[in-house]
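Peer 1: 3D, please:
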Amino acid sequence: MRGYGQIAAPGVNPLRRRFRWPVHVALGLVLAPGAVPAFSKGGNLGTPGQTRPGTSAARVDRVLAVVNGEPITYSEVLEAVALTPGAVPPPTLEETLERLIDARLMEHEARRYLQEPPSEEESEATLRALMDRFANPEDYRATLRRLGIAEDYLRKRIQRELIVDRYVDRRFRPLVQVAQRDVEEYYRTVLLPDLDAGSPAPLVEVESLIRNILEQRDLNRRISAWVDELKSSASIVRLPLSEPPQSG
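Peer 2: Residues are numbered from 1 along each chain as shown. As a prediction, the model looks like this:
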C-alpha cells in the first residue's frame, strides 16, 4: 500500500511528532508526491524540484551561511525545501536558511554531550521505514529524482534528526510537566468551542490528547529558549542571499 509522510523512527507516536518542534526549527522530514513549492517573496528561487534534477552540485552550489565553522550551502536549502513540501505560504529563502542554522546549532550541541548517539543501524531502520511507505523501491527512487534529492543527503538528514531527537528527549523531556488544571482549562477554553455543541466529548475521552499537546507546547518552549541561548554564543556568518549563477 502506497504511503507518504513524515520521516520518523519506528514506534514514534505521530501525534508526538506533530507538536514536537518550534515553527522555526527545521526538523521533521517529509516526502510527498506533486510539485515542490517555490519560495515565496523575499527569496524566490523558483521550483527546486524542477531545476535540480540532472544539475551538478558544482553548477548551483554556493555557501549561504557558516555555523561554527560548518557551511550551509544553497543546494542544502533547496533539498530542505524539497523534503518539506506543502507549506502555505511556501517558505522564503531566509526562513529556510534560518531553520537550517537552528538545526545545525542543535546538532552541534547534541554531538558534544550525547554519550550514545544513534547507530547506523537505527538510521538505516528509519530509512527503510520511509521506503516501505512507497509502492515499490522504484517509486521511492523516482520521487527522489523528481525532487532532486540525493539519497546520501537524505541519509545525513535522518542521522542529524535522530541525534537531536535523542538529545532533546534526554535533556528536556524529563523536565516537562503539565498540571491537571491546565488540562481542564485547555479543554474548557480551546477544545470545547471546536467540538460539536450537541454532543461534546467528555474530558476523560480527550484528556490524553490535551496532555500530549500541552507537553509538546512546553517542550517547544524549552527548545526555543535553548536555540536562542546557542545563537547567543555561536559564530554565525550569513552571506548574501542571491541565487548562484548557472554555468554553461
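
Peer 1: Flag the shaky bits of this protein, pLDDT-wise.
Peer 2: 1-60, 84-87, 196-198, 242-248 (pLDDT under 70).

Peer 1: mind listing the helices for it?
Peer 2: Along the chain, the stretches classed as helices by DSSP state H are 14-18, 48-51, 57-60, 74-82, 93-113, 120-131, 137-147, 151-171, 180-186, 203-233.

Peer 1: could I get those helices as a markdown table with mean neighbour count and distance to N68?
Peer 2: Placement of C-beta: from N, CA and C, glycine included. Converted to a markdown table, those look like this (neighbours: other Cβ atoms under 10 Å; distance: least, Cβ to Cβ, whole Å):
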| stretch | mean neighbour count | distance to N68 |
| --- | --- | --- |
| helix 14-18 | 13 | 27 |
| helix 48-51 | 19 | 26 |
| helix 57-60 | 14 | 22 |
| helix 74-82 | 24 | 16 |
| helix 93-113 | 20 | 6 |
| helix 120-131 | 15 | 23 |
| helix 137-147 | 15 | 29 |
| helix 151-171 | 18 | 14 |
| helix 180-186 | 14 | 37 |
| helix 203-233 | 15 | 9 |
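
Peer 1: And the ones you listed: which comes nearest V67?
Peer 2: Within the helices of the chain, the stretch nearest V67 is helix 93-113; the backing value is 4.5 Å (Cβ to Cβ).

Peer 1: what packs against the closest one?
Peer 2: Packing partners of helix 93-113 (3 or more Cβ pairs under 8 Å, 6 or more residues apart in numbering; DSSP states H and E): strand 63-67, strand 70-73, helix 74-82, helix 151-171, helix 203-233.

Peer 1: can you do 10 Å?
Peer 2: Helices and strands touching helix 93-113, by 3 or more Cβ pairs under 10 Å, 6 or more residues apart in numbering; DSSP states H and E, are strand 63-67, strand 70-73, helix 74-82, helix 151-171, helix 203-233, strand 236-238.

Peer 1: and it, C-alpha only, in PDB?
Peer 2: Taking C-alpha atoms only, helix 93-113 is exported to PDB below (Å, rounded to 0.1, in the frame of the first residue of the first chain):
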ATOM      1  CA  LEU A  93      15.000  31.500   1.300                       C
ATOM      2  CA  GLU A  94      15.700  33.400   4.500                       C
ATOM      3  CA  GLU A  95      13.200  31.400   6.600                       C
ATOM      4  CA  THR A  96      14.600  28.100   5.300                       C
ATOM      5  CA  LEU A  97      18.200  29.100   5.900                       C
ATOM      6  CA  GLU A  98      17.300  30.200   9.500                       C
ATOM      7  CA  ARG A  99      15.700  26.800  10.200                       C
ATOM      8  CA  LEU A 100      18.800  25.000   8.900                       C
ATOM      9  CA  ILE A 101      21.000  27.300  11.100                       C
ATOM     10  CA  ASP A 102      18.900  26.400  14.100                       C
ATOM     11  CA  ALA A 103      19.000  22.700  13.300                       C
ATOM     12  CA  ARG A 104      22.800  22.800  12.800                       C
ATOM     13  CA  LEU A 105      23.300  24.500  16.200                       C
ATOM     14  CA  MET A 106      21.200  21.900  17.900                       C
ATOM     15  CA  GLU A 107      23.100  19.100  16.200                       C
ATOM     16  CA  HIS A 108      26.500  20.600  17.200                       C
ATOM     17  CA  GLU A 109      25.400  20.800  20.900                       C
ATOM     18  CA  ALA A 110      23.900  17.300  20.800                       C
ATOM     19  CA  ARG A 111      27.100  15.800  19.400                       C
ATOM     20  CA  ARG A 112      29.100  17.400  22.100                       C
ATOM     21  CA  TYR A 113      27.100  15.900  25.000                       C
END
